[in-house]
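Student: Provided below are the primary sequence and the corresponding predicted coordinates.
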Amino acid sequence: MTSTALLIMDVQQGIVDRFSSEPGYLAGLGSAIMAARDAGIAVIYVTVGFRAGYPEVSPRNKIFGAIAARAGSPADGDAGRAVHPAVAPAPGEVIVTKRRVSAFAGSDLEVVLRAQGIGHLVLAGIATSGVVLSTVRLAADLDYQLTVLADGCLDADPEVHRVLTGKVFPRQAEVTSIADWTASLRWPGAYPAAGRG
């Protein structure tokens, strides 16, 4: 049996602020986080951030080159880079900083997962077509068992979100709702916690 971690990806103050039209999102995500903690499942936060001056960003990178050029980009020490306080990490929970779109790119996430014996990742975050898609693809290639919380993900384009969660992700992951996933945690052994099994 494999150990499980819930990954909360890019749910940062500056990113969440762009989705103010989704008021129930943080509450739903908070319920998934509390259910994971109650079940003894590791909650790992992944944030995107860069050093002052963006030395990690190549001008050839279309996404991050544009971000580095904008004011208010998520540089280290920027208040907008912090995890949104509504879903803030508890003491001792791991925060991983990445330098690209995937949760694995430019981060030590895989080292953390290996150290904790985690083989099953439950994914939530912003955006569905960004960090979630990139992480699903790479994690599947790394042979992780995957679950995506469809309503734990947001995208600026609802149709893209619908296609990814309804047609693309099911090829490599179980796709479910926060309510169904948290309900499944009541069944013994459904999602073993980090360090167990």
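Tutor: In hand now; what should we look at?

Student: same for the longest helix belonging to the chain, what does it pack against?
Tutor: As assigned by DSSP state H, the longest helix anywhere in the chain is helix 25-38. In terms of contacts (3 or more CB pairs under 8 Å, 6 or more residues apart in numbering; DSSP states H and E), helix 25-38 is packed against strand 3-9, strand 42-48, strand 118-126, strand 145-154, helix 178-184. All C-beta atoms are positioned from the backbone trio N, CA, C, and that covers glycine.

Student: got the buried residues for the fourth one?
Tutor: To tie it back to what came earlier, the one meant is strand 145-154. 146-154 (16 or more other CB atoms under 10 Å).

Student: tell me which of those residues is nearest to F169?
Tutor: Ranked by distance to F169 (CB to CB), the buried residues of strand 145-154 are led by V148 at 5.0 Å.

Student: what's the pLDDT at the closest one?
Tutor: For V148, the pLDDT comes out at 98.

Student: so who does it touch?
Tutor: The contact partners of V148, taken as CB atoms under 8 Å, 6 or more residues apart in numbering, are 122-124, 132, 136, 165, 169, 173-176.

Student: Of those, select the buried ones using a PyMOL command.
Tutor: The buried residues among the contacts of V148 can be selected in PyMOL (16+ other CB under 10 Å) with this line:
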select buried, resi 122+123+124+132+136+165+169+173+175+176
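
Student: out of the contacts of V148, who's nearest E22?
Tutor: The closest of those, once distances to E22 are taken by CB to CB, is A124, at 13.1 Å.

Student: wait, what's in contact with the closest one?
Tutor: The contact partners of A124, by CB under 8 Å, 6+ apart, come to 6-9, 11, 29, 32, 132, 148-149, 152-153, 178.

Student: Just give me the neighbour total for the closest residue to C153 other than its chain neighbours.
Tutor: Among residues not flanking C153 along the chain, T128 sits closest, at 4.3 Å (CB to CB, 6 or more residues apart in numbering). Using other CB atoms under 10 Å, T128 has 28 other residues around it.

Student: Relative to P158, how far out is T128?
Tutor: Distance, T128 to P158, by CB to CB, to the nearest Å: 9 Å.

Student: Give the bridge partners for the closest residue to A173 other than its chain neighbours, please.
Tutor: Excluding the flanking residues, the one nearest A173 by CB to CB, 6+ apart is L146, at 3.6 Å. On the basis of DSSP bridges, L146 is bridged to L121.
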